[in-house]
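1. Make a model of this:
(4 chains)
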Protein chains: 4
Amino acid sequence: MQLGLIGLGKMGGNMRERVRRAGHEVVGYDRNPEVADVASLAELVEKLSAPRVVWVMVPAGDPTRETVEQLGELLSPGDVVVDGGNSKFTDDKLHADHLAPKGIGYVDCGVSGGIWGLQNGYALMVGGSDEDVAKVQPVFDALKPEGEFGFIHAGGVGAGHYTKMVHNGIEYGIMQAYAEGYELLSKSEIVDDVPGTIKSWRKGTVIQSWLLDLLDRALDEDPTLAKIAAYSADSGEGRWTVDEAVRLAVPLPAISASLFARFASRQDDSPTMKAVAALRKQFGGHAVKAE
Amino acid sequence: MQLGLIGLGKMGGNMRERVRRAGHEVVGYDRNPEVADVASLAELVEKLSAPRVVWVMVPAGDPTRETVEQLGELLSPGDVVVDGGNSKFTDDKLHADHLAPKGIGYVDCGVSGGIWGLQNGYALMVGGSDEDVAKVQPVFDALKPEGEFGFIHAGGVGAGHYTKMVHNGIEYGIMQAYAEGYELLSKSEIVDDVPGTIKSWRKGTVIQSWLLDLLDRALDEDPTLAKIAAYSADSGEGRWTVDEAVRLAVPLPAISASLFARFASRQDDSPTMKAVAALRKQFGGHAVKAE
Amino acid sequence: MQLGLIGLGKMGGNMRERVRRAGHEVVGYDRNPEVADVASLAELVEKLSAPRVVWVMVPAGDPTRETVEQLGELLSPGDVVVDGGNSKFTDDKLHADHLAPKGIGYVDCGVSGGIWGLQNGYALMVGGSDEDVAKVQPVFDALKPEGEFGFIHAGGVGAGHYTKMVHNGIEYGIMQAYAEGYELLSKSEIVDDVPGTIKSWRKGTVIQSWLLDLLDRALDEDPTLAKIAAYSADSGEGRWTVDEAVRLAVPLPAISASLFARFASRQDDSPTMKAVAALRKQFGGHAVKAE
Amino acid sequence: MQLGLIGLGKMGGNMRERVRRAGHEVVGYDRNPEVADVASLAELVEKLSAPRVVWVMVPAGDPTRETVEQLGELLSPGDVVVDGGNSKFTDDKLHADHLAPKGIGYVDCGVSGGIWGLQNGYALMVGGSDEDVAKVQPVFDALKPEGEFGFIHAGGVGAGHYTKMVHNGIEYGIMQAYAEGYELLSKSEIVDDVPGTIKSWRKGTVIQSWLLDLLDRALDEDPTLAKIAAYSADSGEGRWTVDEAVRLAVPLPAISASLFARFASRQDDSPTMKAVAALRKQFGGHAVKAE
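-> Numbering: from 1, shown residues only, chains lettered A, B, ... in the order given. Have a look, this model is predicted:
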């Protein structure tokens, strides 16, 4: 089949390649003309035969919204827009509601796999109507890993980004768990071989996983992580996970602790801990560290 | 080689089988004569040629300590005792110090793998001197999974149980992360297929793991976990992990949250939440649920 | 001065009384005619001389929004609306923006004090322009406690409800801290007199506070809290506090833990802990409690 | 009555003064001869008439244990030793068991009040037999604040330090709650007057407390806490509180979060967050901050 693909960055570029390898025709557009197949969205739409499937792979928020709105002007009834970016699930309803009066379908698709996806396939979490999803299915089949896993049509519009959001929240918690254990090993007076211990866990243990494989790999490159700062960004999904848990009254202690640890890692001078130190000084005359 | 094995329960019985399959001779003792190869520790020791390796696989605490003391009476200089149970790492030093004056070596070995170990091999985390560990190595090789992973000589006496303790602490955190995500999916108004979502994550995602495979398996058996109570025991290692983190001033928010969630799951009537409700009533006249 | 007061429930009724005791004229409206001074909002507005101050004390969300909109129809340029309810701070901007084109001012006021406010005064946290706040100041002075504390004009529109929100978030954390300590005392094998210990802390300790006085009071009434269920509602501000912390990347581990503990207290059958139990069963053959 | 007092540092010196003001005779010993009334423990014991009460106010751990042992050599049956230091409650049983065969009583006393105690009185939490406590009561009455609060005989030996430990654990949680709220106010875009907001909360609010008064005081001295580093020590009781909660299976999320926040505040380069950053880099090619 034909696929229009908008956004040919690190992820989008690899996805174009994987879909092409499966024998489909991909017409790619990007603001950067060096990687683009066409010069404009209008040209992209023109090159596709109806009913069209156009996959949007641009940053969440304004860029995605604007692209969806432009496609609303260019596409025809029966076409389908797929948002494969990291949009918040609440945006999906807005996008779908914008396109529906024009007869254009909308599917949201959370994509996992990062830089490994080209080779291993991308895990896809999809939301939308059965009819719309069916139109995109050949592309999903090309992108997903081989075998029975790695694809789910989780529910209606929004369910794809929702499940991807939860996936990422879990990811935060798992990474924090490994990292806390790593620190404990590192501080122990009786463990001599921390990287060896991590490596040994890769098989036969309860905690074997792909993330553990990656931690081993990181320690192979840098056995004490000396070259990496104790500083972690967060990409939005972790925050949305906590917000959604708060909305639904779901206790989320481990995942929220993981998010807060990232926040704290980026602070040079925590006002919270200044206030704690100030209080200790006030009631106990405890010495404080001067700034 | 020959191995004396004390404790032939669920774990010990399977380990005897796996060591035998590797071509070694195992003399097993258990209080239960139906599964034992010999009738007493003395007979077990008698059947082995020096230098002997005797593996203790009995409950941590008093049973292990008493067994080690009895072996101290029965074994000869040059023999080695392996504690493969779930002992706290601080017990290992006591055991080693008890045996050292008699010339008997001591190795501690944390074992992971549960009911899957017979087939897949057991991950082994080992502490002790190079000399003592070398005497046991053929047995370790028989028990461990095939390939380069699943065995680590992590340090001196205690390092085996220490790393196993940290492994289990990490396990708590990972399980809690998946479980929190599972709850969020379950409560969502837009996700229709929770078990399918979990299943799809088994490949191509960042969070693919053996524990995720098991969660999928559990949901295959019981798609809403309707038959399982929201009640989780804890086996000691999680507590020791938190205690050790506190001793070493290591922040452990996610793992400790996981432990506390288990504690809370076993409470019918939390005094903490009674006190919170009582306070709300006092200052706000908020209605409280009567007991 | 004159004050129009809309909403004469538990809080509003007491506030009317306290403002009257200070010598001001209060015209109160409530849907319940038995407590109302006038039969309609229109009549209330009619009874006040311009420039009018009308204080809205109705539930947050739709009721407050609808009341503000009705007042927008009835009031005149130069009048001021005060929202003294528990609105989210983001609503304040919407309300102010609705009234501004009509020349009507808007002040938001977080009110603390609960059932004790009539006697002790209400702590007031206020947001709005200097000009608008000045028009309400005599009423604020009547409501606030005597002395230098208990009133703050914290910033522009929204700052009053914002600071009240943070106040309540802190309140969650403090209550949880006392409650956790209470549980630990209750479980101790060597503390014989838990209520006496709590009572003794009311003076001379670092943790003396009004909430501690209330905990003592609750234990005087019910020394083991036997009549109170381990079940705690939450009123919104705690959730908003966590959401806002997430938005601002502020680590909030203790306050969020307090909120999650309340969520958990209301669950009969936590899906999270079902999943943890299911996993333990899968990998370890650990017995689970059947539902 | 007469009191022997060992340890005349910041706390002990003020306590001597307060007991003397109440009309009692205090014989003080300290290693520093400039503040001591006698030159040795032997001389101190000599100056007191039997039955003697000797109050130990030296650092917990070895110094306290050694002092108790020396007193065991010097005192007579019927005398009582009071440990008023910050000992762990498990030490108390050891001390009492050491003295009991000699007929010497033992009382443990947790003391709160810090640098404010001389003026306001010290809150006292006491463990021991009724008979032993009665012998010390006049001194307790001199030290405690005026009125009905500030003294508790909480149970047998150890109960005093136990309740003081819980008091301090609660203190950690309350301080963290205020501090988190302070940070949120500081980061808000709409709150203009953070110190004023804190000050206003001192009366009429649910969260009014002595610690809040101190936070206000700290902000009076330094409105942005610019001179205080975001670094907080911890003195032991918080750790013991978490350990004890773990032992008793009591969920302690807020207090443990407060302790972990202190640990984290003292880390320049968290291994946990290095590992998280390393993992992000591995799976996502996310840029990391170089060390």
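2. The spatially closest residue to residue A:22 that is not a sequence neighbour: which element?
-> In space, residue A:22 comes closest to residue A:142 once its chain neighbours are excluded; the distance is 3.4 Å by C-beta to C-beta, 6 or more residues apart in numbering or on different chains. Where C-beta positions appear, they are placed from N, C-alpha and C, glycine not excepted. Element membership for residue A:142 (DSSP states H and E) is helix A:130-143.
3. Go through stretch A:235-248 and flag the buried ones.
-> By 16 or more other C-beta atoms under 10 Å in any protein chain shown, the buried positions in stretch A:235-248 come out as A:237, A:238, A:239, A:240, A:241, A:242, A:243, A:244, A:245, A:246.
4. Grab the nearest non-local neighbour of the last one.
-> Take residue A:246 and drop its neighbours on the chain: the residue closest to it by C-beta to C-beta, 6+ apart is residue C:239, 4.8 Å away.
5. residues near the residue nearest to residue A:51 when sequence neighbours are not counted, how many?
-> Distance criterion C-beta to C-beta, 6+ apart; nearest residue to residue A:51, sequence neighbours excluded, is residue A:78 at 4.2 Å. Neighbourhood size, residue A:78 [other C-beta atoms under 10 Å in any protein chain shown]: 13.
6. picking that back up, can I assume the residue nearest to residue A:22 is in contact with residue A:17?
-> No - counting by C-beta atoms under 8 Å, residue A:142 stays clear of residue A:17, with 10.5 Å between them.
7. These two: who's more crowded?
-> Neighbours were counted for residue A:142 and for residue A:17 using other C-beta under 10 Å; residue A:142 has more, 20 against 12.
8. can you pull the contacts of that one?
-> A:18, A:19, A:21, A:22, A:23, A:24 (C-beta atoms under 8 Å, 6 or more residues apart in numbering or on different chains).
9. switch the cut-off to 10 Å
-> Residues in contact with residue A:142 (C-beta atoms under 10 Å, 6 or more residues apart in numbering or on different chains) are A:1, A:3, A:15, A:18-24, A:26, A:121-122.
10. before we move on, the earlier item: and the residue nearest to residue A:51, helix, strand or coil?
-> coil (DSSP: H, G, I helix; E, B strand; the rest coil).
11. That one contacts residue A:99, doesn't it?
-> No - using C-beta atoms under 10 Å, residue A:78 is not in contact with residue A:99, being 11.5 Å away.
12. which residues are in contact with both of those two?
-> Shared contacts of residue A:78 and residue A:99, counting by C-beta under 10 Å, 6+ apart, come down to residue A:105.
13. hang on, isn't residue A:73 packed against residue A:66?
-> No - the pair residue A:73 and residue A:66 fails to qualify as a contact (C-beta under 10 Å) at a distance of 11.1 Å.
14. So what does the nearest residue to residue A:192 once chain neighbours are set aside look like in phi/psi?
-> Nearest residue to residue A:192 in three dimensions, chain neighbours excluded: residue B:155, at 3.8 Å (C-beta to C-beta, 6+ apart). Residue B:155 adopts backbone torsions of phi 160, psi -160, taken as degrees, to the nearest 10.
15. and the stretch 51-200 of chain A, which residues reach chain D?
-> A:112-116, A:171-172, A:174-187, A:194, A:198 (C-beta under 10 Å from any C-beta of the partner chain).
16. ok, now with 7 Å
-> With C-beta under 7 Å from any C-beta of the partner chain as the criterion, the stretch 51-200 of chain A meets chain D at residues A:114, A:115, A:175, A:176, A:178, A:179, A:180, A:182, A:183, A:186.
17. What ranges does the stretch 1-150 of chain A have for its strands?
-> Ranges of strands in the stretch 1-150 of chain A, per DSSP state E, counting those that start in this stretch, are A:2-6, A:25-29, A:53-56, A:80-83, A:105-112, A:123-127.
18. Rebuild those as a markdown table, extending it with mean pLDDT.
-> Converted to a markdown table, these look like this (pLDDT from 0 to 100):
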| stretch | mean pLDDT |
| --- | --- |
| strand A:2-6 | 98 |
| strand A:25-29 | 98 |
| strand A:53-56 | 98 |
| strand A:80-83 | 98 |
| strand A:105-112 | 97 |
| strand A:123-127 | 98 |
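19. right, so of those strands, which gets closest to chain C?
-> Among the strands of the stretch 1-150 of chain A, the nearest to chain C by C-beta to the nearest C-beta is strand A:123-127 (18.8 Å).
20. Indicate whether that closest one makes contact with chain B.
-> Yes - for strand A:123-127, a contact with chain B is found by C-beta under 7 Å from any C-beta, at A:123, A:125.
21. Longest helix in chain A, please.
-> helix A:159-187 (DSSP state H).
22. quick revisit: reformat the strands of the stretch 1-150 of chain A as JSON lines; add mean neighbour count.
-> Converted to JSON lines, those look like this (neighbours: other C-beta atoms under 10 Å in any protein chain shown):
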{"stretch": "strand A:2-6", "mean neighbour count": "24"}
{"stretch": "strand A:25-29", "mean neighbour count": "21"}
{"stretch": "strand A:53-56", "mean neighbour count": "26"}
{"stretch": "strand A:80-83", "mean neighbour count": "27"}
{"stretch": "strand A:105-112", "mean neighbour count": "27"}
{"stretch": "strand A:123-127", "mean neighbour count": "29"}
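23. Residue D:57 is nearest to which of these?
-> Residue D:57 lies closest, by C-beta to C-beta, to one member of the strands of the stretch 1-150 of chain A: strand A:105-112, at 60.4 Å.
24. tell me the angle that closest one makes with strand A:123-127.
-> Orientation check (axes from the mean of the first three to the mean of the last three C-alpha atoms, to 10 degrees): strand A:105-112 against strand A:123-127 gives 150 degrees.
25. who touches strand A:105-112?
-> By C-beta atoms under 7 Å, 6 or more residues apart in numbering or on different chains, the surrounding residues in contact with strand A:105-112 are A:80-84, A:87, A:92, A:95-96, A:99, A:122-129, A:132-133, A:136, A:157-158, A:160-161, A:163-164, A:167, B:204-206.
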